[in-house]
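Peer 1: got a predicted structure here, sequence first:
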Amino acid sequence: MKSKKIIIGSRGSKLALLYAERAKAQILNFSDGFGIEDVSIKKIITKGDIIQDSRLSEVGGKGLFSKTIEDELLDEKIDIAVHALKDMPSEGTKGLITNCFLERNDPREILISKDNKHIKDLKSNSIVGTSSFRREFQLKKIREDLNYKLIRGNVDTRIKKLNDNLYDAIILSYAGIQSLNLDKNISQIFSTSEIIPSAGQGVVALQCKENDQELIKLLNKVNHQSTHNCVQAERNVLKILEGDCETAVGAFAKIEKDNISLEAELFSLDGKERFYYKASKELKLASELGKEAGTILKKDSKNSYKK
């Protein structure tokens, strides 16, 4: 941290900027002793924001949302990058460290539908918009007779597409809807067991250069340790699986006293086979729990989740 003025880099969507403001507030809250004079937010347009008509897996994967911001961090145009953790690739970027996580927002998935119907009440062949294979395959466990169709864009754009009758229902993360105060639109909230969320869903991650020791010290203070423990377990599932955007995998960890439990599921490439894992360990073994889950799922699936 060469300057006492910190620049936070963020995507320019309404939701991303809310997350960046939350990060800014936390940084200022823990800034005593670091001599910080100012914290500002820089909007960065990513390729993921520009390309809206294709699956992420077809146009470069999760890195579409993070790479442009990471490049600005490496070029020292910003000091801290703010990301929605679920949009980050499982492997880190050389020269950068992601070791700070804000307290988790609600990780559950929600349904917004016309006439406020639950998924079980939708007519057969109703069109349901989803942006991921994971959600599509998970929903097919509940209603195989629905027509699942790709939807991209920010939350407002997706709701508009629903209102324009392009879809009968859409599935989104609760965290985004809550942050944007759009709860009134929710038709159904799924439990984390009904639909296991994406690894890191609802978590805001803060990233900096790995050689910026002073900034790392500050971010260590900002870090929410319980969220960090859960993220360790969940993200290690992805790392072992070498998961990408086409990997239909859910992983969700929660802490109960001195233990951490992890529930995970993996689908074959065509979504017809499901592989499931649930276990718990001592909290200090969070990282090992994720690796164990990934290893077992990988072995059981016989790599059927890969092309």
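Peer 2: The structure has been received and is ready for your questions.

Peer 1: the strands in the chain, which residues?
Peer 2: 5-11, 38-44, 80-84, 96-101, 109-113, 127-130, 147-150, 169-173, 188-189, 204-209, 249-256, 259-267, 274-282 (DSSP state E).

Peer 1: pick the most deeply packed of the ones you listed.
Peer 2: Per residue and on average, the most neighbours among the strands of the chain fall to strand 80-84, with a mean of 27 (mean count of other CB atoms under 10 Å). For the C-beta atoms, the positions are set from N, CA and C on the backbone; glycine is no exception.

Peer 1: report the angle between that strand and strand 5-11.
Peer 2: Here the directions of strand 80-84 and strand 5-11 differ by 30 degrees (axes from the mean of the first three to the mean of the last three CA atoms, to 10 degrees).

Peer 1: strand partners (parallel or antiparallel) of strand 80-84?
Peer 2: strand 5-11 (parallel), strand 204-209 (antiparallel) (DSSP bridges).

Peer 1: among the strands of the chain, which comes closest to I296?
Peer 2: strand 274-282 (5.5 Å; CB to CB).

Peer 1: against which helices or strands is that closest one packed?
Peer 2: Under the contact definition 3 or more CB pairs under 8 Å, 6 or more residues apart in numbering; DSSP states H and E, strand 274-282 sits against strand 259-267, helix 286-301.

Peer 1: again, only using 10 Å
Peer 2: Strand 274-282 sits against helix 133-142, strand 249-256, strand 259-267, helix 286-301, with contacts defined as 3 or more CB pairs under 10 Å, 6 or more residues apart in numbering; DSSP states H and E.

Peer 1: how about the ones you listed in a markdown table, adding mean pLDDT and distance to D121?
Peer 2: Listed next are the helices and strands packed on strand 274-282 as a markdown table, based on pLDDT from 0 to 100; distance: least, CB to CB, whole Å:
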| stretch | mean pLDDT | distance to D121 |
| --- | --- | --- |
| helix 133-142 | 96 | 12 |
| strand 249-256 | 97 | 24 |
| strand 259-267 | 98 | 25 |
| helix 286-301 | 98 | 33 |
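
Peer 1: what about these, which gets the closest to V231?
Peer 2: Across those, V231 has its closest neighbour in strand 249-256 (7.9 Å, CB to CB).

Peer 1: just checking: what are the partner strands of the closest one?
Peer 2: Strand 249-256 has its sheet partners listed here by DSSP bridges as strand 259-267 (antiparallel).
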